[in-house]
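Chemist: Build me a model from this:
(chains A and B)
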Amino acid sequence: MALLQHPGYEEEKLQRVAEQLPCREVQAGTLLALMGQPQQYSYPSIFIYGHRASGKSHVMNVLLKELELPHATVSCVECVSVALLFEQVLLSFFGCDAASLLPRSPSLSDFVRIYREQCSQSPARQTRYIVMEKAEILRDTDANLLPALLRLQELVEDNVTVILLSEIVWDTFRPNTGCFEPLLLNFPDYSKGELQQILSQDRHPSYSAEFYSSYINILLGVFYSVCRDLRELRHLAALNFSKFCEPLADGKVKETDTHKLWRNIEPHLKKAMQTVYLREVSSLQWEQIQQMEEKEAGVLRGLSAHTHVELPYYSKFLLIAAYLASYNPARTDKRFFLKHHGKIRKTNFLKKNEKTSNHLLGPKPFPLDRLLAIFYSVVDSRVAPTASIFSQISSLVTLQLLTQVSHDDQLDTPKYKCAVSLDFICAISRTVSFDIMKYLYDFL
Amino acid sequence: MSTSSVSKGCFVFKPSAKKKKRTLTLEDYFADGCEDAENSETRFKLCQDLWDKIKTDTEVLQDELNRKILDSLLDFTRKCSSTHQHSNWASQMRASEIPTAALVLGVNVPDHDMTFQSLSDLLQQSVTPHVVSVQAKECGALKHLMKRVLERMMGTVVAVDDEEEEEPEQLSAQLHKRVHCSLGTLCDWYNTKTRKSNTGTPGKKRSSAVRDEQQQPPVVIIFKDLEAFNSKVLQDFILICSRYIERLPLMFIFGIATSPSTIQHMLPHSVSSLLCIELFQSLSCTQHLATVIDKFILTPQFPFKLSSKVMQVLISIFLYHDFSVKNFIKGVQLALLEHFHSQPLSVLCCKKKEALLNVMQLSHSNLERIRQLLSFKRYVEKQDPQEQDSLLKDDTHLKEVCQKLIKGLHKYHKNYYPILRCLHTLTSSLPRYPLGKQIRELHLICLEKNVWENEDYQSAMKLLKMLAKDELIILLQRCAEILEPVKSKKMNSALVQLNELLTRFKELDTAAAAETAPNVEECITSPVKNLQKKTDLFQLQKTLLEMNESRRSKKLSPFEVLRNEVLEFIDSLVKSHLSPPDSQTLNEVSYYSSSATVRRHINATPRTSIQAALSSPYYYLQNDSLKTEDGSVSNAAPDICIAYKLHLECGRLINLYDWLEAYATVVSAAEGNSPDSDNFGKVDEVKHARFIRAVSELEFLGFIKSTKQKTDHVARLTWGGC
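Modeler: Residues are numbered from 1 along each chain as shown, chains lettered A, B, ... in the order given. Purely as a prediction, here's the structure:
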């Protein structure tokens, strides 16, 4: 294991850091080099990007904690307002007195002012670090926040470095007015070998390291092709380990007999990939299934198996009408819903540019009038235009079976789109014995 | 009920008795309903008692129905909060997911409130004091969601910066110190709370020792309507929560109206992987309705009854429009109120004893009302002349007869429902359900007319005649079970008879088999034997015919005989007890039959009422000068009515100038100008302005809109007219 080395930090601490950061030595080394010695000024802003669970936050946290550097870690998703962000930074650097100095709904300049005041009282002896997780959210906040954070060192005249962590690349951040360019640092994905090495570290205390390592090997064999997320893999490893150990506990196999163990666990893992990995089945239920044995397995249906929705009679027809309005061109309504629609030749009727399936293009918006006109022609009985028919339309919108396209404020002819799938609408129309296929332009 | 508004039909009349009691005195309450106010107090009391009973009973029923699902949910929360504290290897390695219960409740969103209320009450009682429920409409953005959660959990006001303008001084003064809106605050609060409850007041909280044993009661957040939430807000919130799950034992409950796959539509894998979702399916609303009907409608205990038409309206609103049991009960409530409000004789609509007492206290005018009743008239006609005379003249005699009749009505109800249930058990499993799958359908048939005259009934009986023995016995046994608890002479004797028949069925098993075989053989073989002799053609034909005949009227096996007997018995029961309530004398006392009122109040038709208001303003304004005979609009009607009437005569495009001219003519006539004078039909400024206003009002109501197809024209948006 290549040891981290840098002047200015204790050898012992660096050793501990290195132990906690397997397979990320290179990145940690680069970072250390960038940070320099504790009292030295560092680069004003560093941007670290890499996929989910590639160790960005972990590396930063371990480095800053173990080396006992002053730092503030902020998750941007949590900062519903900038005030929270400022407060957290001030709190961790100067204590709660400083944080309470912030006025109500503070601006960036308030923050800079207070920071400077505080900093003049307690100037930085070591570089202060602000770590911002999920930095991509900063793009949606005030336009001046991100550029200011990038050159915060300059603004507050203090030895401070802002480190931005994100899953996406810097190019999507750059504001069009230009800004200070941070140093970019990429954390690549872990390779299969690295994953194996890291996962093997958290072995079960009552089993040997080799045994656990061979388990991880099998697990990665199944899951590596679909999932490289360390966190998920660790979760799956924990869930399925007891099943893996089962033949061992029964005394059927020895620890070294990997082939038999593999034969035992492989179908189980495949099943896990289709269920618990997709969160079709919760991990608690998964554990229960394991205890129940095979006899009842398969009884449990996943979340997506429940698609049936019970609707009132007219709601069903409203939904059918909405589907027809969304997927049929408006000019064909005459052909479908008028009894004596006159002569419409098939060749005329099928226009060339409409040959592409409407179902491939997705639902189109339609006005309320058209929905109601189709509704009255598909529903078999006479329906009075009561208030509850209209309220059913809006409840279909809240149930997300329809979506309102026009703005809420537009009271005059609101527009909607139908948001259900063909399978769903077929199931619905079957319950009211309505042959929807006969009315769909695409299936003529 | 009346309002001063023009668009009467748009109003929902909240038929809440309580409200009325508070705002109006009893006299006011019954003032417009009937001329006879003397017994209004009794009626009001009866009505309220009944409604209170319905209300409490529905709540109990709801609790019972929800018990199962709520219990499993409670188990889930307990299990989650206990596994959260486990510290074995697997749970350490496992990503700590937020336990989430997906509660599928059906599309009748208004009904969910009650379920969630009892759920959070139960949770608070038995699992954790920290329960918060949030609704989508109050959580448009992440900070609002956070604010709601924190406020409700901690009972303080949470500051969200860059909010609207400053709050009034005195308000913020009385608040406790403001806290920042982050889950970190919640964590701190939770820590102090749990620490406090662990250390402090040991003597006082003896009872909650069991709860304290797990030390960390979970923090439950209920999302009442998941579908309506903004998915971005929800995702962010879950992301934040997952950061704190180590410190804060959070738990979610998602209320889902459609199907659980919505969760996957709303949340990407990266977010749903933070949740540990378990599914809970609640009772379907149709089952719920069935139990409600079973409990309130199909029972002799409630003296108040709905006629078939009202039932039909309420049920069709349920099935066609909203699936909401709550609204169904509201409908029953409306009918109840209307009945007691509009029918003075409803004093007799109560328990038997009370009703008998009330009969004695009837005033002369009310007795006259009884004489006017259709059912009573029919009854009188059947009596002999002398009796007729005394019924119509002698009040005391009438009272006695009324008592008898009331008793009869109660008896009828007592027998009706058990027999209805019996008939339903017999027919509900027949192929293609001739008399309906649900008991309410059968009930509707029976309410309407004599069920035994119904074709479906005949076919059901035919099908019953084909039932196999064991099936029939099972059904009959179930009928016997239904009849058993009923305390009524007739039902008891019916039960005895039924049991007798059942024992005879059982005896068949042992005795019959041997006996029948030779019999059958005999009757088939005898003509064939005759045939073996040499006969002429005529003889042959005759014997063949005979054979055919005998085969058709083949001698029935004892089982078949018995089966026919049973069915005849059932048929006789049906005929004697399931006659429609219209045939009962004094049925008007307990049956509410004005379906139009119910429909108008519950299923409002705004467009129809607007059109009614425009075409016949008298209907709403009640001004005598507006009265017209032939449905035309009088000249004195409001401007908009005149403009509306004129526009009906036009085609799709209306020339504004022609319209104005026509309008001016009509209005001039109304002003009393003689048609010969110079000014007649001339457009002055005032008329012009009035016309423009009427037109813009029509545009606002959606009858016309401006168009670019032709200058000076507007387009009509409705069709039809004169």
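Chemist: Could you report the neighbour count for residue 259?
Modeler: I went with chain A, as the question did not name one. 9 (other CB atoms under 10 Å in any protein chain shown). (Glycine included, C-beta is placed from N, CA and C.)
Chemist: nope, chain B
Modeler: Neighbour tally, B:Ser259, other CB under 10 Å: 21.
Chemist: tell me the SS of it?
Modeler: Three-state assignment for B:Ser259 (DSSP: H, G, I helix; E, B strand; the rest coil): coil.
Chemist: So it is in contact with B:Ala102, correct?
Modeler: No. Using CB atoms under 8 Å, B:Ser259 is not in contact with B:Ala102, being 9.9 Å away.
Chemist: near chain B, which residues of the stretch 251-400 of chain A?
Modeler: Taking CB under 8 Å from any CB of the partner chain as the measure of proximity, the stretch 251-400 of chain A contacts chain B at A:278-279, A:282-285, A:303-304, A:306-315, A:384-389, A:392, A:395, A:398-400.
Chemist: one more time with 6 Å
Modeler: Within the stretch 251-400 of chain A, the residues that sit near chain B (CB under 6 Å from any CB of the partner chain) are A:279, A:282-284, A:303-304, A:306-307, A:309, A:311-314, A:384-388, A:398-400.
Chemist: In strands, which of these appear?
Modeler: If you go by DSSP state E, these have nothing in strands.
Chemist: Next, check these against the helices and list the overlap.
Modeler: Judged by DSSP state H, helices contain the following of those: A:Ser283, A:Leu284, A:Tyr313, A:Tyr314, A:Ala387, A:Ser388, A:Thr398.
Chemist: which of these has the most neighbours?
Modeler: Counting neighbours by other CB under 10 Å, A:Ser283 leads those with 23 neighbours.
Chemist: mind listing what that residue touches?
Modeler: Contact analysis of A:Ser283 by CB atoms under 6 Å, 6 or more residues apart in numbering or on different chains lists A:Leu239, B:Cys276.
Chemist: ok so, going back, export the ones in helices among the residues of the stretch 251-400 of chain A next to chain B to TSV and tack on pLDDT and distance to A:Met132?
Modeler: TSV is the format used below for those (pLDDT from 0 to 100; distance: CB to CB, whole Å):
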residue	pLDDT	distance to A:Met132
A:Ser283	78	31
A:Leu284	77	34
A:Tyr313	92	54
A:Tyr314	93	52
A:Ala387	87	51
A:Ser388	88	51
A:Thr398	88	36
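Chemist: Mind checking what secondary structure the residue in the stretch 201-350 of chain A positioned nearest to chain B has?
Modeler: Proximity to chain B, evaluated over the stretch 201-350 of chain A using CB to the nearest CB, is greatest for A:Ala238 at 3.6 Å. Under three-state DSSP, the three-state class of A:Ala238 is helix.
Chemist: So what does the spatially closest residue to it that is not a sequence neighbour look like in phi/psi?
Modeler: Nearest residue to A:Ala238, sequence neighbours excluded (CB to CB, 6 or more residues apart in numbering or on different chains): B:Met93, at 3.6 Å. Per-residue torsions, B:Met93: phi -70, psi -30 (degrees, to the nearest 10).
Chemist: and B:Met93, how many neighbours?
Modeler: 18.
Chemist: Am I right that it is in contact with A:Asn240?
Modeler: No. Look at B:Met93 against A:Asn240 with CB atoms under 6 Å: they stay out of range, at 11.0 Å.
Chemist: Correct me if wrong: A:Pro106 contacts A:Ala83.
Modeler: Yes. Between A:Pro106 and A:Ala83 there is a contact under CB under 6 Å: 5.5 Å.
Chemist: From A:Val74, how far off is B:Asn230?
Modeler: 24 Å (CB to CB, to the nearest Å).
Chemist: Same drill for the two, tell me which one is more crowded.
Modeler: Legend: neighbour count by other CB under 10 Å for B:Asn230 and A:Val74, higher for A:Val74 (20 against 15).
Chemist: and that one, helix, strand or coil?
Modeler: Applying three-state DSSP: A:Val74 is strand.
Chemist: and the spatially closest residue to B:Leu483 that is not a sequence neighbour, what pLDDT?
Modeler: Take B:Leu483 and drop its neighbours on the chain: the residue closest to it by CB to CB, 6+ apart is B:Leu495, 4.3 Å away. Looking at B:Leu495, its pLDDT is 89.
Chemist: quick one: what helix or strand has B:Leu495 in it?
Modeler: B:Leu495 is part of helix B:489-532 when elements are defined by DSSP states H and E.
Chemist: likewise B:Tyr620?
Modeler: helix B:618-621.
Chemist: what does the next helix or strand after that helix rub up against?
Modeler: Using DSSP H and E, the helix or strand that follows helix B:618-621 in sequence is helix B:639-647. If you take CB under 6 Å, 6+ apart as the criterion, helix B:639-647 is touched by B:Leu614, B:Pro617, B:Val633, B:Ile654, B:Ala662, B:Val666, B:Arg690, B:Ala694, B:Glu697.
Chemist: How about the contacts made by the third one?
Modeler: For B:Val633, the contacting residues are B:Cys641, B:Lys645, taking CB under 6 Å, 6+ apart as the criterion.
Chemist: Also the last one?
Modeler: Listed by CB under 6 Å, 6+ apart, the contact set of B:Glu697 reads B:Ile640.
Chemist: interface residues of the stretch 301-450 of chain B facing chain A?
Modeler: Going by CB under 6 Å from any CB, the residues of the stretch 301-450 of chain B near chain A are B:Leu319, B:Tyr320, B:His321, B:Asp322, B:Phe323.
Chemist: any bit of the helix or strand hosting B:Phe254 sitting next to chain A?
Modeler: If you go by DSSP H and E, B:Phe254 is part of strand B:250-256. No. Counting by CB under 6 Å from any CB, chain A has no neighbours in strand B:250-256; the shortest distance is 9.5 Å.
Chemist: what about that strand, average pLDDT?
Modeler: So the average pLDDT for strand B:250-256 ends up being 91.
Chemist: A:Ala99: which element?
Modeler: Here A:Ala99 is assigned to helix A:96-100, by DSSP H and E.
Chemist: which parts of that helix are buried?
Modeler: Within helix A:96-100, the residues that count as buried by 16 or more other CB atoms under 10 Å in any protein chain shown are A:Ala98, A:Ala99.
Chemist: Beyond it, next helix or strand please.
Modeler: helix A:108-121.
Chemist: which residues are in contact with the very next helix or strand once past that following helix?
Modeler: The helix or strand immediately downstream of helix A:108-121 is strand A:128-133, counting by DSSP H and E. Under the contact criterion CB under 6 Å, 6+ apart, strand A:128-133 has outside partners A:57, A:60, A:64, A:70-76, A:89, A:93, A:160-165.
Chemist: Just the buried residues of whichever helix or strand comes after strand A:128-133, please?
Modeler: Reading on from strand A:128-133 to the C-terminus, the next helix or strand found by DSSP H and E is helix A:145-150. By 16+ other CB under 10 Å, the buried positions in helix A:145-150 come out as A:Leu145, A:Leu146, A:Ala148, A:Leu149, A:Leu150.
Chemist: Save the ones in helices among the residues of the stretch 251-400 of chain A next to chain B as TSV, and put in distance to B:Met154 too.
Modeler: Below are these laid out as TSV (distance: CB to CB, whole Å):
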residue	distance to B:Met154
A:Ser283	31
A:Leu284	29
A:Tyr313	46
A:Tyr314	44
A:Ala387	41
A:Ser388	40
A:Thr398	29
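Chemist: In these, find the pair that's most separated.
Modeler: A:Ser283 and A:Ala387 (46.3 Å; CB to CB).
Chemist: Quick one: low-confidence residue ranges for the stretch 101-250 of chain B.
Modeler: Counting by pLDDT under 70, the stretch 101-250 of chain B contains low-confidence ranges at B:156-180, B:197-215.
Chemist: Could you tell me which residues of it lie near chain A?
Modeler: B:Val107, B:Leu142, B:Lys143, B:Met146, B:Asp161, B:Asp162, B:Ser182, B:Glu227, B:Ala228, B:Asp236, B:Leu239, B:Ile240.
Chemist: By neighbours, which of those residues wins?
Modeler: B:Met146 (26 neighbours).
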